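> how would this look folded up:
(chains A and B)
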Amino acid sequence: MLSRDLRLGIATLLLFAAVTAAFPQFARPDNLAGVLNDSAILILLALGQMLVILTRGIDLSVAANLALCGMIAALFNRHFPDAGALSTVAIALVCGALLGACNGLLVWKLRLPPIVVTLGTMSIFRGAIYQLSGGVWVNDNEMSPAFLDLVRYRFLGLTTLAWTAVIAALAAFICLRYLRTGRDLYAAGGNPSAATAAGIDPGRMQFIAYTICGAIAGVCGYLWVARFAVAYTDIALGFELEVIAACLIGGVAIAGGIGTVTGVLLGCLFIGVIRNALPLVGISPFWQMYINGVVITVAALMSARQRTEKRSILEAERA
Amino acid sequence: MTRRGLSFAALALAMALPAALIGCGSRDATNASERVRIGIVAKSLGNGFFDAVHKGAAEAAGPLDVDLIFTGPTTPTAEGQIEVVNALIAQRVDAIAISANDPDAVVPALQRAAQRGIKVISYDSAVAEAGRVAHLAPSSDQLIGETVAQLAAELAPGGKGKIAVVSATPTSTNQNAWLAQLKQALTAHPGLELAAVAYGDDVSDKSYRETTALLQQHPDLAVMISLSSVGIVAAARAVEDRGLTGKLPVTGLGLPSELAGYVKRGVVPKFAIWNPIDLGYATTQIAARIARGESISQPISIERLGSVTFDANGVGAMGKPFVYDARNIDEFAGVF
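Okay, here's the model as predicted:
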């Protein structure tokens, strides 16, 4: 049996080939760079979300965190247009990390169910954006050129936005594979009691995962606002579902402990190809929703099978 | 909330009752020569849009011999508007024009006003039919469709070429109504061909992606249109990011504050939306004329803007949306 990542890789390639057959322009390098650019924010958020899901958590507040930090970055830029884009990114990152740490503390110290905590903070973050902005949009003519251009700067054919995703994926791959904290995340989610016995605090691991996920969402807030050149209360509304879907398609087990960076990347690219290709091929918007749903359901079925396989191995060992 | 509303209603009733009893006979005698007092209620004060409405109302008030009371709650709530309406009843105005924060919640207060002989109309955001004599809509589906078709014809080179629309969700009622009217209006512009309609769901990322797909599918597009405020900003951004500024004009419906940058850079050479100054002007005209006994069964003049015809439900449209371009964008960008 092929590994799950390999199967997903083949599925993505087949999808890509089918789209290219229907619309040859799709395979042009500039278009592929465009797809990667379009998927970059999804990749970043999915990497963060994967860390949280690995530790048996879930973060429904990522999109709201993104929107809040995006608004903070936009307002900061409006008040201090000469402060430079990098300081804006740093502010977005810190704000995101703090918001993520709030989720983490609630889950860790109060032992509240992650889905409840993040469902609540999701609404709180959205409400905070409204309070902060007064419900008003921040428009492109209120953003400094440095703020807008940083994400559009091209290097070796890819934008800063795409490079950020590539570098983050590499960093996540290395950290999860070779760093002790990375291995501890898997252990804490895979079997919390065994992890505790081995001296790993699963709650602390959840806190770390939420904080990193929040920091990523904060940076994505800046990236989103700069890319679409507009900030308002409802940006990225419902995007958390797309992020979680990318993780599930990528084979991250919602029960924790299982998931790879390669899988998540493929999951994001799969969604990226679908959502860029369907409008090109001219499929009706109702069918697009339907197709997205089928893909997620099939991915869930594949995950379910994976879990039975694992259990059968354990039972076989016990016998 | 309800209790507070009730107590205010009781207070207003107590204050207004004697006045209403005394004023009963003389109220209907208002005619064209007398000064009338009109209360115009905003959704909230300190909002650029309604500041502009106020400006237009003040412009109309002078020549019409109208004493204008421009008022509204400090936050856009129905409760706040009920208090304001009760205060206007107590001040014995001749007419009230309101842009409702909630179409139903303000009805009882407005009905009390009507019982005291005050003529009530709504403008901008409608009140349920039971609460008003007439509603002045800024525009109509048909006029919007015609205006956007006209903009596309003006922007397409020689009035010819393919156009594409980035809409909101495929189930959005007003988007679909505008789209249907746009298609209808395009029959008057045989040079224009509607090549595609894409749905951006009123979210930035999907609208941007759908616009990019339209650009690839139809490299020979002459004009890109969006009738949604999120959609037109995303479409303009996508067109600009692909370096098509000046080659592929974007137009449609949007807000001046959101599109100012794109208008100045030539991405969106012109677009349409109602003009709040004209809306204030027309509202004051209609309110004054109804207060002086004109009936909505006949078209009512709004002087410099023409006239308004009301349908069987008492709804009338002010006129075509106003066109904004590089010449007037600065004036309105700070307004709304």
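> now the helices for the chain?
You didn't say which chain, so I picked chain A. With DSSP state H as the criterion, chain A has helices at A:4-22, A:29-54, A:62-79, A:85-109, A:114-133, A:145-149, A:160-178, A:180-190, A:192-197, A:202-228, A:239-249, A:261-281, A:285-318.
> try again with chain B
B:2-27, B:48-64, B:78-90, B:107-115, B:141-155, B:173-186, B:204-217, B:229-241, B:256-264, B:276-291, B:329-333.
> Need the ones you listed in a markdown table (columns: mean pLDDT, mean neighbour count and distance to chain A).
From N, CA and C alone the C-beta is placed, and that goes for glycine too. Shown next, in a markdown table, are these (pLDDT from 0 to 100; neighbours: other Cβ atoms under 10 Å in any protein chain shown; distance: least, Cβ to the nearest Cβ, whole Å):
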| stretch | mean pLDDT | mean neighbour count | distance to chain A |
| --- | --- | --- | --- |
| helix B:2-27 | 45 | 13 | 23 |
| helix B:48-64 | 90 | 20 | 9 |
| helix B:78-90 | 94 | 22 | 16 |
| helix B:107-115 | 94 | 19 | 25 |
| helix B:141-155 | 93 | 21 | 21 |
| helix B:173-186 | 90 | 18 | 12 |
| helix B:204-217 | 91 | 23 | 4 |
| helix B:229-241 | 93 | 26 | 5 |
| helix B:256-264 | 92 | 23 | 3 |
| helix B:276-291 | 94 | 26 | 16 |
| helix B:329-333 | 87 | 17 | 8 |
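> Please report how far the residue of chain A found nearest chain B lies from B:Leu244.
Going by Cβ to the nearest Cβ, chain B is nearest to A:Asn141 of chain A, at 3.2 Å. Separation of A:Asn141 from B:Leu244 (Cβ to Cβ, to the nearest Å): 19 Å.
> Could you take the helices of chain B and lay them out as TSV, with extra columns for distance to A:Leu99?
Putting the helices of chain B into TSV (distance: least, Cβ to Cβ, whole Å) gives the following:
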stretch	distance to A:Leu99
helix B:2-27	35
helix B:48-64	31
helix B:78-90	32
helix B:107-115	42
helix B:141-155	41
helix B:173-186	34
helix B:204-217	21
helix B:229-241	25
helix B:256-264	27
helix B:276-291	37
helix B:329-333	32
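> can you tell which of the helices of chain A is closest to B:Val308?
Closest approach to B:Val308 among the helices of chain A (Cβ to Cβ): helix A:114-133, 35.5 Å.
> May I see the buried residues of the closest one?
Within helix A:114-133, the residues that count as buried by 16 or more other Cβ atoms under 10 Å in any protein chain shown are A:114, A:117-118, A:121-122, A:125-126, A:128-129, A:133.
> That helix: how far from the chain's middle?
Offset of helix A:114-133 from its chain centre (Cα atoms, centre = their mean, to the nearest Å): 18 Å.
> what residues does it touch?
Contacts of helix A:114-133 with the rest of the structure, by Cβ atoms under 8 Å, 6 or more residues apart in numbering or on different chains, involve A:52, A:56-61, A:63-65, A:67-68, A:71-72, A:75, A:99, A:102-103, A:106-107, A:206, A:231-233, A:240.
> by how many degrees do that helix and helix A:85-109 diverge?
For helix A:114-133 against helix A:85-109, the angle by axes from the mean of the first three to the mean of the last three Cα atoms, to 10 degrees is 140 degrees.
> quick check: mean pLDDT across helix A:114-133?
Averaging pLDDT along helix A:114-133 gives 93.
> Equivalent analysis for stretch A:38-53, please.
Averaging pLDDT along stretch A:38-53 gives 96.
> now do stretch A:226-246
Rounded mean pLDDT across stretch A:226-246 is 91.
> now for that stretch, what's the gap between its first and last residues?
One end of stretch A:226-246 sits 23 Å from the other (Cα to Cα, to the nearest Å).
> Also stretch B:115-125?
22 Å.
> Give the buried residues for it.
Across stretch B:115-125, burial judged by 16+ other Cβ under 10 Å covers B:116-124.
> any idea which of the helices of chain A scores lowest on pLDDT?
Here the lowest mean pLDDT among the helices of chain A goes to helix A:285-318, at a mean of 66.
> that older thread, mind checking which of the helices of chain A is nearest B:Asp65?
The minimum distance between B:Asp65 and those falls on helix A:114-133, with 42.1 Å, by Cβ to Cβ.
> Excluding chain neighbours, what is closest to B:Leu214?
B:Ala164 (4.8 Å; Cβ to Cβ, 6 or more residues apart in numbering or on different chains).
> Oh, that last question was meant for A:Gly214, not what I typed.
A:Gly100 (1.6 Å).
> was I right about the one you found contacting A:Cys220?
No - between A:Gly100 and A:Cys220 there is no contact under Cβ atoms under 8 Å: 11.9 Å.
> Give me the more crowded residue out of those two.
Set A:Gly100 next to A:Cys220 and count neighbours by other Cβ atoms under 10 Å in any protein chain shown: A:Cys220 wins out with 34 against 30.
> ok, that one - contacts?
A:41, A:44-45, A:66, A:69-70, A:96.
> Show me the subset of the residues you listed that also lies near chain B.
Contacts with chain B within the contacts of A:Cys220, counted by Cβ under 8 Å from any Cβ of the partner chain: A:Ile41.
> are any of the contacts of A:Cys220 buried, and which?
The neighbour count (16+ other Cβ under 10 Å) marks A:41, A:44-45, A:66, A:69-70, A:96 as buried among these.
> What's the separation between B:Gly293 and chain A?
Distance from B:Gly293 to chain A, counting by Cβ to the nearest Cβ, to the nearest Å: 41 Å.
> For that residue, give me the pLDDT.
On the pLDDT scale, B:Gly293 is placed at 89.
> Looking at the buried residues of stretch B:115-125, spot the one nearest A:Tyr153.
Nearest member of the buried residues of stretch B:115-125 to A:Tyr153, counting by Cβ to Cβ, is B:Asp124, at 43.5 Å.
> Identify the residue spatially nearest to that closest one, adjacent ones excluded.
B:Ser99 (3.9 Å).
> just checking, the one you found touches B:Ser44?
No - contact criterion Cβ under 8 Å: B:Ser99 and B:Ser44 do not qualify, at 9.6 Å.
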